[in-house]
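# What follows is a predicted structure for the sequence shown.
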Amino acid sequence: MSSHLSIFKNSTALITGASSGIGKAYAQKLASLGIHLILTARSEQKLNELANELEKKYNIQVEVIGLDLAQPHAAQKLFDEVQARKLSVDILINNAGFGKWSQFLDQSAATYNEMIMLNMNSVTSLCYLFLPQMLASKKGIMINIASTAAFQPLPYIAVYGASKSYVLNFTEALAGEYASSGVKFLAVCPGNTETNFTQVANADTRGMKSSSVDDVVSATLVALDQNKTSIIVGCSNYLTAQLPRILSRKKMLRMAERILRDRVLKAS
């Protein structure tokens, strides 16, 4: 058991994008540690199935709130619903997000607005709304899922990459600002992961190394115990993320454009 998470037994975690992939894996792990859950995603049916499974297996309480955090004011609606159910949130995991691999103009403006709303605005709003209670109790954890895409500009994944740079910098900034508050902040940066993200993004990841969702969760627990403010999942991803420190931004940009151009244009 993670020594840091062990003190949160019988407390409550809110996980966004919890119906599948990384969010579901977080839900399963936290449930096994005796942590009650609030699960949210668009697919209420999947959430209910997961909630029933976890309640029976681990004897915990699981609340389900179905909504789409890519819609305006959804974060406030989620917060209001949590308050209406008289629940408190001790751990917040902002996992919901999506990306698109394509030339910039091949997606609609509406798609990018939804991406920005989900990947950035909802993360910001939920941290803002749930942080005061954690500060008052001098205990809490906020985990925001960024990406290895956060470390350099990515042609053909421009908006997604920029949104994840925001998540990484935002999370680490809060960690610095509230370093003595008792609340921990962690940005988790997975690379290619075995989820349905690639299908949604229309991403050609053939030949690329991938991590499992369990790898992401395990790296998160280690990072919490080591009091890190960010973690890159996987050794090869860590090494790749260091390239912008070695190469000039111009060289890094050219290399990224060349690699991604072939994958994106072949897939389109």
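That came through fine.
# does the residue lying closest to residue 154 once chain neighbours are set aside sit in a helix or strand, and which one?
Spatial nearest neighbour of residue 154, excluding adjacent residues (CB to CB, 6 or more residues apart in numbering): residue 161 at 3.7 Å. Every C-beta, even on glycine, is put in place using the N, C-alpha and C of the backbone. For residue 161, the enclosing helix or strand under DSSP states H and E is helix 158-177.
# For the next helix or strand after that helix, buried residues please.
As assigned by DSSP H and E, the chain's next helix or strand after helix 158-177 is strand 183-189. Taking 16 or more other CB atoms under 10 Å as the neighbour-count basis, strand 183-189 is seen to contain the buried residues 183, 184, 185, 186, 187, 188, 189.
# and the host helix or strand of residue 93, what does it pack onto?
Assessed by DSSP H and E, residue 93 sits inside strand 91-94. Strand 91-94 sits against strand 12-16, helix 21-32, helix 122-137, strand 140-145, with contacts defined as 3 or more CB pairs under 8 Å, 6 or more residues apart in numbering; DSSP states H and E.
# Please point out which parts of the shortest one sit buried.
Counting neighbours by 16+ other CB under 10 Å, one finds that the buried residues in strand 12-16 are 12, 13, 14, 15, 16.
# which residues in the stretch 151-268 of the chain form helices?
158-177, 197-201, 213-225, 235-241, 243-246, 249-267 (DSSP state H, counting those that start in this stretch).
# follow-up on the earlier one: of the buried residues of strand 183-189, which pair is most distant in space?
For the buried residues of strand 183-189, the farthest-apart pair by CB to CB is 183 and 189; their separation is 20.1 Å.
# For residue 72, see how far away residue 187 is.
Using CB to CB, to the nearest Å, we find residue 187 at a distance of 25 Å from residue 72.
# circling back: a markdown table for the helices and strands packed on strand 91-94, including mean pLDDT and distance to residue 94?
Listed next are those as a markdown table, based on pLDDT from 0 to 100; distance: least, CB to CB, whole Å:
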| stretch | mean pLDDT | distance to residue 94 |
| --- | --- | --- |
| strand 12-16 | 98 | 6 |
| helix 21-32 | 96 | 10 |
| helix 122-137 | 98 | 4 |
| strand 140-145 | 98 | 5 |
